[in-house]
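Participant: Have a look; sequence and predicted model below, questions after that.
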Amino acid sequence: VQLQASGGGLVQSGGSLKLSCVASGFNVDTYAIGWFRQAPGKERERVSCVSRSGSVQYAGSVKDRFTISSDNAKNTVYLQMNSLKPEDTAVYYCAAAQAWCGGPHGYWGQGTQVTVSS
């Protein structure tokens, strides 16, 4: 089971990025897939999650700016990030949970750096 996150980069405030999380060894529609982020000196936080049933959740800080989606044919989960702010700067990780979005995420991708300049 592997997760490969990509799509990070440097963007100006107000810009957009789209992160991808490609899964191998399992089907993304059989797991809850979450996007997390961790900024230097801060705790890791869950940004968004898509459940096995397709329902989505967002942290309050990104709601209405970020959109999570999945493409089962490509076995990939995306995180579209719009109206980026400097406080969105962090390493972003995708992770898979067997049960539900709030459950333990046993599989993690390697992380992709997102840097938003002011």
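Facilitator: Ah, there it is.

Participant: all strands for this protein, in order.
Facilitator: Taking DSSP state E to define them, one finds strands in the chain at 2-6, 9-12, 17-24, 32-38, 45-50, 56-58, 66-71, 76-81, 90-97, 105-108, 112-117.

Participant: Mean pLDDT and mean neighbour count for those strands - can I get that in a markdown table?
Facilitator: Using the backbone N, CA and C atoms, a C-beta is placed for each residue, glycine as well. Formatted as a markdown table, the strands of the chain follow (pLDDT from 0 to 100; neighbours: other Cβ atoms under 10 Å):
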| stretch | mean pLDDT | mean neighbour count |
| --- | --- | --- |
| strand 2-6 | 97 | 17 |
| strand 9-12 | 98 | 13 |
| strand 17-24 | 98 | 19 |
| strand 32-38 | 98 | 23 |
| strand 45-50 | 97 | 21 |
| strand 56-58 | 97 | 16 |
| strand 66-71 | 97 | 17 |
| strand 76-81 | 98 | 22 |
| strand 90-97 | 97 | 23 |
| strand 105-108 | 92 | 16 |
| strand 112-117 | 98 | 17 |
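
Participant: Name all residues that make contact with the residue nearest the centre of the chain.
Facilitator: Nearest to the mean C-alpha position of the chain, counting by Cα atoms, centre = their mean, stands residue 35 at 2.5 Å. For residue 35, the contacting residues are 19, 21, 46, 47, 48, 49, 68, 77, 79, 92, 93, 94, by Cβ atoms under 8 Å, 6 or more residues apart in numbering.

Participant: The same query, at a cut-off of 10 Å, please.
Facilitator: 5, 19, 21, 46-50, 58-59, 62, 66, 68, 77-79, 81, 92-95, 109 (Cβ atoms under 10 Å, 6 or more residues apart in numbering).

Participant: try residue 103
Facilitator: 32, 34, 97.

Participant: distance of it from residue 52?
Facilitator: Separation of residue 103 from residue 52 (Cβ to Cβ, to the nearest Å): 11 Å.
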